[in-house]
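[1] Structure for the following, please:
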Amino acid sequence: MNWYYVEAGQQAGPVDDAQLSALVQSGKILADTLVWREGMANWQPYREVQPAGQVMTDAPPLIGLSSGTTTGAPEAVCAECGNIFPIGDMVRFGGAHVCANCKPIYVQKLSEGAPLQSGGLNYAGFWIRFAAVFLDGIIMWVVNMGVALIGGLSLGQAVGIEPNSKIVLQLTLALIQILIGITYEVVLIGKYGATVGKMACKIKVVTAEGGQVSYLRAFGRYFAKLLSAVTCLIGYIIAGFDDQKRALHDRICNTRVVYK
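    Numbering: from 1, shown residues only. A predicted model of the protein is given here:
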């Protein structure tokens with residue numbers, strides 16, 4: 001389980017359970033330090049989520065971000081800017097707290113139906129993901145048409161060769177197209193976290209904790225996407241009904257698609 005915590009008014013992490021315990025023992029994470037992990041509706045002080053039986057030494061209250069003075073007032077992380085403020089100075093929208101400066105922007109997003117932050121990860125919806133896949137499909141279609149055109153010219157020049165040789169040439173072209181598709185997906189997601197289509201839609205693929213996807217995971221995700229496709233596209237469609245907008249291949253590879 002990976003955790004995030006507030007340090008100097010900014011989100012830090014992720015850290016696992018062992019690293020979190022070490023930070024607690026070192027005094028870097030205090031009883032009043034706000035923490036969050038996947039599955040929690042909102043940020044909470046560590047004292048409210050610490051494992052049963054773990055004893056913490058009394059810690060001083062948090063330091064106010066702007067005044068530099070101590071305050072015992074409960075605080076929360078602004079869902080828009082990510083800074084922490086006293087709850088009394090914030091506006092609550094459902095499970096989210098928003099500071100006074102961010103309130104107009106947040107209200108405007110609510111009225112326009114724009115994507116909102118959700119526990120540190122802003123999951124991309126079904127239709128924006130569909131648009132990215134559509135753009136990538138156009139790109140790959142153009143590339144594959146170019147490969148097929150080159151192969152067709154080569155095949156036309158090879159009219160006099162044996163039929164078996166023509167079959168080998170066709171299979172070679174098909175293999176080249178498959179390798180291009182794999183390379184396109186794996187290299188771009190492994191290096192940038194997004195294909196060209198996703199870059200255009202300002203979304204990217206990350207791990208469940210929001211980290212960079214490795215080349216190996218991107219490779220596995222490519223073939224997992226084939227499963228999403230061969231299930232009559234149901235593997236893609238379920239993303240529209242999942243609370244974290246996960247498609248089948250996201251579940252298999254433990255990835256998420258988020259807004260940049």
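[2] just so I have it, where are all the strands in the protein?
    Counting by DSSP state E, the chain forms strands over residues 3-7, 10-15, 34-37, 44-45, 75-77, 84-86, 90-93, 96-99, 203-207, 255-259, given from the N-terminal end onward.
[3] In this structure residue 123 contacts residue 240, no?
    No. At 11.6 Å, residue 123 and residue 240 do not qualify as touching, with contact defined as CB atoms under 8 Å. Yep, even glycine has a C-beta here, placed from its N, CA and C like the rest.
[4] quick one, which of those two is more surrounded?
    Neighbours per residue (other CB atoms under 10 Å) separate residue 123 from residue 240, with residue 123 holding more: 22 against 13.
[5] distance of the more buried one from residue 239?
    Note on residue 123: its distance to residue 239, by CB to CB, to the nearest Å, is 9 Å.
[6] contacting residues around the residue lying closest to residue 257 once chain neighbours are set aside?
    Nearest in space to residue 257, with sequence neighbours left out and distances taken as CB to CB, 6 or more residues apart in numbering, is residue 124 at 4.5 Å. Residues near residue 124 by CB atoms under 8 Å, 6 or more residues apart in numbering: 115, 201, 203, 245, 257, 258, 259.
[7] Separate out the buried members of the residues you listed.
    For the contacts of residue 124, burial is judged from neighbour counts taken by 16 or more other CB atoms under 10 Å, and it is met by 201, 203, 245, 257, 258, 259.
[8] Thought residue 197 was touching the second one, still the case?
    No. Checked against CB under 8 Å, the pair residue 203 and residue 197 is beyond contact range at 9.1 Å.
[9] between these two, what contacts are shared?
    Common contacts of residue 203 and residue 197 (CB under 8 Å, 6+ apart): residue 132.
[10] ok, back up a step: so which of the buried ones among the contacts of residue 124 would you say is closest to residue 222?
    Closest to residue 222 out of the buried ones among the contacts of residue 124 is residue 257 (14.4 Å), distances taken as CB to CB.
[11] Good, wrapping up.
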